[in-house]
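Peer 1: Fold the following for me, if possible:
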Amino acid sequence: MKAFTLLAFVSAGLCSAGTITFEEVSLSSGTAVTNQWAAFGITAQNAYFYVDSRDTFDQRGLSILGTSPGIITFTSAATSLSIDFWVIAGHSGTYSIFDGTHSLLDSFSVTASADALGAHTFSGTGIKTLEYSGDPGFTQVSTLRFNGSTVPEPSTIGLTLAAFGALAVRRKFARG
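Peer 2: Next comes the predicted model:
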């Protein structure tokens, strides 16, 4: 029984990675966002939700609203971050990560003569914010993949539930 209990607690402790595709919350395109993804480990400022078929990753994400930059803040500091980005033709965008004291950790820029869709992995530890700047409505973040957060992945939740189920079955048979 101790082995099953240990497995349950170990699997629950593995909840340290997240992927946000911006499909987790149902919103209308053009909706300003703030804490709609707080349960998934992020909040946003100066951003709106979009749905656009030209985004060939998953057709949805966050774009800059009004004033630049759009800011995504992680509830817990991330130890790694990969993003899918989209900069619309004729515009440029800069994507930067900062730690908890707002010290720059890493940055890259894109100038798009045609729509530029790509992926980028940032280096740095203690990532607290992602800022993306450029022309409002033309610089987007489509997907976030990060480690070190409090967001459990579905497979981790399944493993945890399976471990608790196995523990319950074992207890039932142990009692006779």
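Peer 1: Find the residue closest to L130 in space, skipping its chain neighbours.
Peer 2: In space, and not counting its chain neighbours, L130 is closest to I72: 4.5 Å by CB to CB, 6 or more residues apart in numbering. To be clear about C-beta, it is placed using only N, CA and C from the backbone, and glycine gets the same treatment.
Peer 1: Q45 too?
Peer 2: In space, Q45 is closest to I71, 4.3 Å off (CB to CB, 6+ apart).
Peer 1: distance of the one you found from V51?
Peer 2: To V51, I71 is 21 Å away according to CB to CB, to the nearest Å.
Peer 1: in the sheet, who's paired with F98?
Peer 2: L104, T129 (DSSP bridges).
Peer 1: Use 86 as the first number from now on
Peer 2: Will do, 86 is the new start, and the previous item becomes F183.
Peer 1: picking up where we left off before, for the residue nearest to L215, name its beta-bridge partners.
Peer 2: A129, L215.
Peer 1: That one is in contact with F125, isn't it?
Peer 2: No - assessed by CB atoms under 8 Å, I157 is found out of contact with F125, at 11.1 Å.
Peer 1: who's in contact with the residue nearest to L215?
Peer 2: For I157, the contact set (CB atoms under 8 Å, 6 or more residues apart in numbering) comprises 127-129, 132, 147, 214-217, 226, 229.
Peer 1: same question, G209
Peer 2: Each residue near G209 by CB under 8 Å, 6+ apart is listed here: 166, 182, 184, 190-191.
Peer 1: before we move on, the earlier item: close enough to count as contact, the residue nearest to Q130 and E216?
Peer 2: Yes - counting by CB under 8 Å, I156 touches E216, with 5.2 Å between them.
Peer 1: Pick out whichever of those two has more residues nearby.
Peer 2: E216 (21 against 18; other CB atoms under 10 Å).
Peer 1: Out of the contacts of I157, the closest to S114 would be?
Peer 2: Among the contacts of I157, L147 lies closest to S114 (CB to CB), at 11.4 Å.
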